[in-house]
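Engineer: attaching a predicted model along with its sequence, questions to come.
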Amino acid sequence: MGKFDGKVAVITGGARGQGRSHAVALAREGCRVALWDIANDATTNPPYRMASRDDLDETVRLVKDVGGEALPVTVDVRDSAQVRAGVSETLDRFGAINYLVAQQGAMPLTREVWNTDEEHWNDIIAVNLTGTFLTVKYVVPEIIKAGRGGAIVLTSSTAGLMTFPWLTSYGAAKHGVIGLGKGLANELGPYGIRVNMICPGAVDSPMVDSFAEANGLTRADMFSQFDGMDLLGAGLVKPEESTTPAVVYLLSSDAMWVTGHTLIVDAGAMIKPNAGNVAS
Ligand SMILES: NC(=O)c1ccc[n+]([C@@H]2O[C@H](COP(=O)([O-])OP(=O)(O)OC[C@H]3O[C@@H](n4cnc5c(N)ncnc54)[C@H](O)[C@@H]3O)[C@@H](O)[C@H]2O)c1
């Protein structure tokens with residue numbers, strides 16, 4: 001018996017990275033997964049490199065490998081018509097939606113606020129925040145129809161709780177995701193549907209490579225930036241051992257009385273004093 005036998009989850013940004021890891025873990029627990037991703041063959045959403053169709057197909061294959069069933073759906077969550085089409089396609093195949101893991105995202109160029117192009121600001125807000133709103137707007141009525149016990153996880157970031165200067169568009173969007181989730185948790189409480197947020201710290205995913213590429217850094221530069229940042233010596237962690245178990249827990253009945261919560265998965269980085277270990 002899996003934790004999610006007979007259930008259906010929509011995972012946005014499901015083609016690769018953390019979304020892929022969540023998809024495989026949910027499938028292992030009996031959940032059928034609709035993998036929504038822009039998957040536009042590595043065209044860029046300036047300056048961010050998106051997942052490709054091959055990435056999406058590879059995740060479908062990995063889900064099958066664990067005995068699961070995955071539906072690949074090409075959706076740009078910034079576009080309401082595409083989101084509505086994604087809902088229809090998911091219902092045509094699976095008949096219902098019980099869970100949503102809204103976790104698509106993109107990092108910005110490093111810039112001061114006053115040097116951030118308006119177009120770039122709008123795009124980062126659209127991908128990280130408005131896309132989450134649109135997904136919620138059109139998926140939630142289906143989760144309500146499926147009945148009590150549904151659950152939603154929205155992916156924010158430690159940048160949704162603290163300051164990351166020069167990434168302020170991203171931070172503003174990720175703060176917004178937490179606000180969106182808290183309001184939604186209130187609105188969905190009477191329906192017996194839970195809404196929680198996760199805030200990853202540093203996770204090894206293609207986002208890190210894409211960010212490095214966009215900002216002229218090597219992967220080694222990126223890794224070294226995370227050295228000593230957390231309390232456990234974790235550095236860049238694998239999603240399978242960090243955010244994925246958090247998502248599985250928050251969707252499962254183990255978390256049946258947990259809603260409106262923001263779960264930080266950062267190996268303690270946020271509470272580490274900037275000055276380092278003052279006792280040594
Ligand atoms: N990797 C980290 O260190 C880190 C830290 C904190 C938060 N996060 C957040 O975790 C989430 C998952 O990121 P990841 O680390 O797996 O990176 P990733 O780049 O591998 O995954 C993001 C996915 O979102 C998809 N996507 C982007 N724009 C989209 C759009 N408009 N419509 C549909 N899909 C779109 C991409 O194609 C990609 O598959 C993101 O919300 C990210 O902001 C990541």
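Structural biologist: Okay, I see it.

Engineer: for the residue nearest to the spatial centre of the chain, give its distance to the ligand.
Structural biologist: Closest residue to the average C-alpha location of the chain: Gln103 at 1.9 Å, with Cα atoms, centre = their mean. Distance from Gln103 to the ligand, counting by Cβ to the nearest ligand atom, to the nearest Å: 4 Å. For glycine as for every other residue, the C-beta is placed from the backbone atoms N, C-alpha and C.

Engineer: repeat for Asn215
Structural biologist: From Asn215 over to the ligand (counting by Cβ to the nearest ligand atom), the distance is 14 Å.

Engineer: correct me, but that residue touches Thr110?
Structural biologist: Yes. Applying Cβ atoms under 8 Å, one finds Asn215 in contact with Thr110, separated by 5.5 Å.

Engineer: so which elements touch the helix or strand containing Asn122?
Structural biologist: Per DSSP states H and E: Asn122 is located in helix 118-125. If you count contacts as 3 or more Cβ pairs under 8 Å, 6 or more residues apart in numbering; DSSP states H and E, helix 118-125 packs onto helix 168-188.

Engineer: I'd like to know which elements the helix it packs on is packed against.
Structural biologist: Partner elements for helix 168-188 (3+ Cβ pairs under 8 Å, 6+ apart): helix 118-125, helix 131-146, strand 151-155, strand 194-200.

Engineer: higher neighbour count, Asn215 and Thr110?
Structural biologist: Higher neighbour count among Asn215 and Thr110: Thr110, with 18 against 15, using other Cβ atoms under 10 Å.

Engineer: pLDDT score assigned to that one?
Structural biologist: At Thr110, the model reports a pLDDT of 89.

Engineer: measure Leu62 to the ligand for me?
Structural biologist: For Leu62, the distance to the ligand - Cβ to the nearest ligand atom - is 14 Å.

Engineer: tally of neighbours for that residue?
Structural biologist: Number of residues near Leu62 (other Cβ under 10 Å) recorded here: 16.

Engineer: for it, which non-adjacent residue is closest in space?
Structural biologist: Nearest residue to Leu62, sequence neighbours excluded (Cβ to Cβ, 6 or more residues apart in numbering): Val24, at 5.3 Å.

Engineer: likewise Gln103?
Structural biologist: Thr155 (3.6 Å).

Engineer: ok, the one you found touching Val101?
Structural biologist: Yes. Using Cβ under 8 Å, Thr155 is in contact with Val101, at 7.4 Å.

Engineer: just to revisit the earlier point, pLDDT wise, what is the residue nearest to Gln103 at?
Structural biologist: Reported pLDDT for Thr155: 98.

Engineer: contact partners for it?
Structural biologist: Thr155 makes contact with Gly13, Gln18, Val101, Ala102, Gln103, Gly105, Val177, Met197, Ile198, Pro200, Thr243 under the criterion Cβ atoms under 8 Å, 6 or more residues apart in numbering.

Engineer: please apply the same query to Ala173.
Structural biologist: By Cβ under 8 Å, 6+ apart, Ala173 lies in contact with Ile124, Ile125, Val127, Asn128, Leu129.

Engineer: the same query, at a cut-off of 10 Å, please.
Structural biologist: 105-106, 108, 121, 124-132, 156-157, 159-160 (Cβ atoms under 10 Å, 6 or more residues apart in numbering).
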